[in-house]
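J.: Task: produce atomic coordinates for the following.
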Amino acid sequence: MTANDVRDAAHRIRPLVRRTPVLTSAAYDSEAGLATFFKCENLQNGGAFKIRGAANMILSLPKETLARGVVAFSSGNHAQAVAIAAKHVGAPATIVMPEDAPRTKLEATRSHGAKVVTVDRMRENRDAVAAGILKETGGTMVPPFDHEMIMAGQGTIALEFLEEIPQLDALITPVSGGGLISGCATIARDINPKIRIFGAEPEDGNDTFLSLVAGQRIAIPMPNTIADGLRSQKPGELTFPVIQKLVERIIVVTDDELRQTVKFLLSRLKILVEPSGAAAAAAVLFKKLPKDLGSVGVVLSGGNVDLEQLATY
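T.: This is a model prediction of the structure:
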């Protein structure tokens, strides 16, 4: 994947993807101690950034391939994205989702016309279930992160961000399998070779942090974190080398820090961000970035959270 792949993706996904706003908050800047700019993918079509990668891949498939359908596995945001993109092109979609995924994500995926197959994430292998569906249908797998078309699509966030706020010292995104940060880092460093790239992941889902320390991809047990979209157990085969090359550091945040950040964003900026989507903002709010930065761009990657869960924060 190259920076030009990201630029190509930006043109391809226009029919389905919104150019999301960039917000600021004097109260947040005062608390965090630096100028912060928020790229609000929680306001994206489907409520999360995932539509960018899913649209880039699905809109590139020929009609005869689309006729056999698409298959994906996801805890929710990628599921909705694939369902939306598949509906747009008239392709059947089957999504494998954990049975304990947030209800709003399950319902939203079904509402876009996708067939949802639920699995017990602790007992069943979702990859194996998805592989079985592929064998039956002859469809195309749309992976959540480890594919160059997915990575390039996600990178369009940073392309838009730096077109609007070109002077950023640093960029930070949430990290799960690495599709978002690898795509964003590729285009951001092409536009501004001096920009510093950081990632944030939950304390109990620190596979990328551990992998960078070890110098190789490390697998962890199934994470137990409120950040349901950041429960990857191992960085991607394609994404990890990009992270090694371009990302300065992965910052770990606690579930309590995620809760506090979700509440801060809701009360001060008046925007709803899910715990997974607030990971990068939490790293900044709790002053975990290097002290020599003057400004940072923060990707708020999603806003799909059950209201019942929100009420417990």
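J.: how about the helices in this protein?
T.: 3-12, 26-32, 50-58, 63-66, 77-89, 103-111, 126-137, 148-164, 179-191, 207-214, 239-246, 255-264, 279-285, 307-310 (DSSP state H).
J.: what would the ones you listed look like in JSON lines with distance to residue 292?
T.: All C-beta spots, glycine's among them, are computed from the backbone N, C-alpha and C. Output for the helices of the chain, formatted as JSON lines (distance: least, CB to CB, whole Å):
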{"stretch": "helix 3-12", "distance to residue 292": "26"}
{"stretch": "helix 26-32", "distance to residue 292": "14"}
{"stretch": "helix 50-58", "distance to residue 292": "31"}
{"stretch": "helix 63-66", "distance to residue 292": "49"}
{"stretch": "helix 77-89", "distance to residue 292": "33"}
{"stretch": "helix 103-111", "distance to residue 292": "39"}
{"stretch": "helix 126-137", "distance to residue 292": "42"}
{"stretch": "helix 148-164", "distance to residue 292": "20"}
{"stretch": "helix 179-191", "distance to residue 292": "18"}
{"stretch": "helix 207-214", "distance to residue 292": "21"}
{"stretch": "helix 239-246", "distance to residue 292": "19"}
{"stretch": "helix 255-264", "distance to residue 292": "22"}
{"stretch": "helix 279-285", "distance to residue 292": "14"}
{"stretch": "helix 307-310", "distance to residue 292": "35"}
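J.: Got the domain ranges for this structure?
T.: Described in terms of automatic domain parsing, the domain architecture of the chain consists of the residue ranges 3-49+147-310, 51-141.
J.: Can you tell me which of those domains has the worst average pLDDT?
T.: Lowest mean pLDDT within the domains of the chain: domain 51-141, a mean of 91.
J.: is it possible to export the helices of the chain to CSV including mean neighbour count?
T.: Putting these into CSV (neighbours: other CB atoms under 10 Å) gives the following:
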stretch, mean neighbour count
helix 3-12, 19
helix 26-32, 15
helix 50-58, 31
helix 63-66, 12
helix 77-89, 27
helix 103-111, 19
helix 126-137, 15
helix 148-164, 25
helix 179-191, 28
helix 207-214, 20
helix 239-246, 19
helix 255-264, 20
helix 279-285, 29
helix 307-310, 12
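J.: quick one: which of these is nearest residue 230?
T.: For those, proximity to residue 230 was assessed by CB to CB; helix 279-285 is nearest, at 6.3 Å.
J.: who's in contact with that closest one?
T.: The set of residues external to helix 279-285 that reach it, using CB atoms under 8 Å, 6 or more residues apart in numbering, is 28, 31-32, 34, 36, 38, 172-175, 198-202, 227, 230, 251, 253, 257-258, 260-261, 264-265, 273, 289, 296, 298-301.
J.: swap in stretch 173-181?
T.: With CB under 8 Å, 6+ apart as the contact definition, stretch 173-181 has outside contacts at 49, 53, 144-147, 150-151, 154, 157, 184, 197-201, 205, 208, 227, 229-232, 235-236, 239-240, 242-243, 247, 250, 276-280, 299, 301.
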